[in-house]
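Asks: how would this look folded up:
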Amino acid sequence: MVRAKKEDRREEIINSGLEVFSENGYYNTTTALIAERAGISQPYIFRFFKTKEELFIAALERAFERILQTFKEVDAKPEELVEKMVDAYEQLSISHPHEISLQVVSFSIVEESIREITKNSLLKLRNYTLERFKEAGISSPEREVTTFLARGILCNISYFMDLPELMDSKVK
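Replies: Numbering: from 1, shown residues only. Prediction:
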């Protein structure tokens with residue numbers, strides 16, 4: 001019972017961190033702001049995470065893992081795979097917008113540990129998607145996965161900046 005409460009509190013802190021980091025960026029976020037959002041004292045955060053950086057990494061890993069899991073859950077015929085994965089990602093953007101924003105924030109962070117998590121997570125997504133595309137018999141899978149990921153990143157930036165024109169030329 002105590003363990004469950006501890007894990008629940010850790011999850012609440014990560015979720016609050018996701019929100020605050022995605023709203024304020026990494027450098028403008030303090031653990032005090034995260035604690036306020038979580039409804040706890042600032043020192044309590046440090047019972048779960050030694051540093052703000054460690055908390056950010058936990059939130060970022062959560063965001064990337066959710067994307068990977070979402071892609072793994074896509075069940076589609078080979079000729080529908082790309083479209084279904086795009087649809088799944090768009091739904092994820094709606095259901096977990098802070099996680100999508102956090103990815104954009106992570107691209108600007110210079111701390112090496114965060115850069116490594118970002119790079120490794122992007123490579124993991126790329127490698128998984130490439131294998132799915134190859135298994136589906138998609139023509140030129142390397143090129144297609146690059147285009148797929150580029151569109152995803154552009155989608156993230158469009159959402160993050162509230163600039164839908166980047167994705168849809170019909171939006172005025």
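
Asks: do you know how far the residue nearest to the spatial centre of the chain is from Leu166?
Replies: Centroid-nearest residue in the chain: Ala63, 3.2 Å away (criterion: C-alpha atoms, centre = their mean). When C-beta to C-beta, to the nearest Å is the yardstick, Ala63 and Leu166 sit 20 Å from each other. Yep, even glycine has a C-beta here, placed from its N, CA and C like the rest.

Asks: and if you look at Thr129?
Replies: From Thr129 to Leu166 the distance is 21 Å (C-beta to C-beta).

Asks: Those two: who's more crowded?
Replies: More crowded of Thr129 and Leu166, by other C-beta atoms under 10 Å: Thr129, with 23 against 13.

Asks: Regarding the more buried one, what is its secondary structure?
Replies: Under DSSP: H, G, I helix; E, B strand; the rest coil, Thr129 falls in the helix class.

Asks: residue contacts, it?
Replies: 71, 85, 145, 148-149 (C-beta atoms under 8 Å, 6 or more residues apart in numbering).

Asks: And it, what's its pLDDT?
Replies: Per-residue confidence (pLDDT) for Thr129: 97.

Asks: for Ser169, same thing?
Replies: 52.

Asks: Quickly find the element holding Tyr26.
Replies: Of the helices and strands defined by DSSP states H and E, none includes Tyr26.

Asks: what's the burial count for it?
Replies: Residues near Tyr26, counting by other C-beta under 10 Å: 19.

Asks: Same check on Ser22?
Replies: Residues lying near Ser22 (other C-beta under 10 Å) number 22.

Asks: Relative to Ile100, how far out is it?
Replies: Ser22 is 8 Å from Ile100, by C-beta to C-beta.

Asks: just Glu111 next, same as before
Replies: Taking C-beta to C-beta, one finds Glu111 at 21 Å from Ile100.

Asks: Compare neighbour counts for these two and give me the winner.
Replies: Each of Glu111 and Ile100 has its neighbours counted (other C-beta under 10 Å); Ile100 has more, 22 against 14.

Asks: and the more buried one, what does it touch?
Replies: Counted by C-beta under 8 Å, 6+ apart, Ile100 has contacts 63, 92-93, 156, 159-160.

Asks: mind listing which of these are in helices?
Replies: 63, 92-93, 156, 159-160 (DSSP state H).

Asks: Low-confidence stretches in the protein?
Replies: 1-4, 168-172 (pLDDT under 70).

Asks: how near is Val74 to Glu111?
Replies: 33 Å.

Asks: same deal with Pro78?
Replies: 40 Å.

Asks: so who does the residue nearest to Leu154 when sequence neighbours are not counted touch?
Replies: Nearest residue to Leu154 in three dimensions, chain neighbours excluded: Leu166, at 6.0 Å (C-beta to C-beta, 6 or more residues apart in numbering). Applying C-beta under 8 Å, 6+ apart, we find Leu166 in contact with 154, 157-158.
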